[in-house]
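# need coordinates for the below:
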Amino acid sequence: MTQSDITVEILREIRDAVRVTNDRIDLVRVDLGGRIDETNRRLDVVEGTLLDLVEQQRFTSRFLKDLSTRE
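Model (predicted):
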């Protein structure tokens, strides 16, 4: 093998390794994107629940305040 043949072979191996790496990165992106979407859905549920709790707390506070002023 000549020096240029060895160089070409090394470059081909590097190219193939880069392609494999790019494929793996694409898979990670898809997986991560799905996880982020699921996390966002869960956070939406948490946000809605917290808003409901705040509304209930305000109602309870107003009710107790009104009740205490009647006596």
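
# list the contacts of the residue nearest to the spatial centre of the chain.
The centre of the chain sits closest to Ile36, judged by C-alpha atoms, centre = their mean, with a distance of 2.1 Å. When contacts are counted by C-beta atoms under 8 Å, 6 or more residues apart in numbering, Ile36 touches no other residue. The C-beta positions use only the backbone N, C-alpha and C, and glycine is treated the same way.

# where along the protein do the helices fall?
For the chain, the helices defined by DSSP state H occupy 3-70.

# so where's it uncertain?
For the chain, applying pLDDT under 70 flags the ranges 71.

# at 90 what do you get?
Flagging of the chain using pLDDT under 90 yields the residue ranges 1, 3, 68-71.

# ok so, going back, measure the residue nearest to the centre of the chain to Asp23 for me?
Ile36 sits at a distance of 21 Å from Asp23 (criterion: C-beta to C-beta, to the nearest Å).

# what of Asp44?
Going from Asp44 to Asp23 by C-beta to C-beta gives 32 Å.

# same check, this time on Leu67
In this structure, Leu67 lies at 66 Å from Asp23, with C-beta to C-beta as the measure.

# just Thr2 next, same as before
Computed as C-beta to C-beta, the Thr2 to Asp23 distance reads 32 Å.

# more neighbours, those two?
For the pair Thr2 and Asp23, the greater number of neighbours falls to Asp23 (10 against 7), based on other C-beta atoms under 10 Å.

# check contacts around that one.
With contacts defined as C-beta under 8 Å, 6+ apart, Asp23 is in contact with no residue.

# do you know how far it is from Arg29?
Where Arg29 is concerned, Asp23 sits at a distance of 11 Å (C-beta to C-beta).

# with Asp52 instead?
With distances taken as C-beta to C-beta, Asp52 is found 35 Å from Arg29.

# what do you get for Val8?
Using C-beta to C-beta, we find Val8 at a distance of 31 Å from Arg29.

# what of Gly48?
For Gly48, the distance to Arg29 under the criterion C-beta to C-beta works out to 29 Å.

# what do you get for Leu51?
Per C-beta to C-beta, Leu51 is found 32 Å from Arg29.
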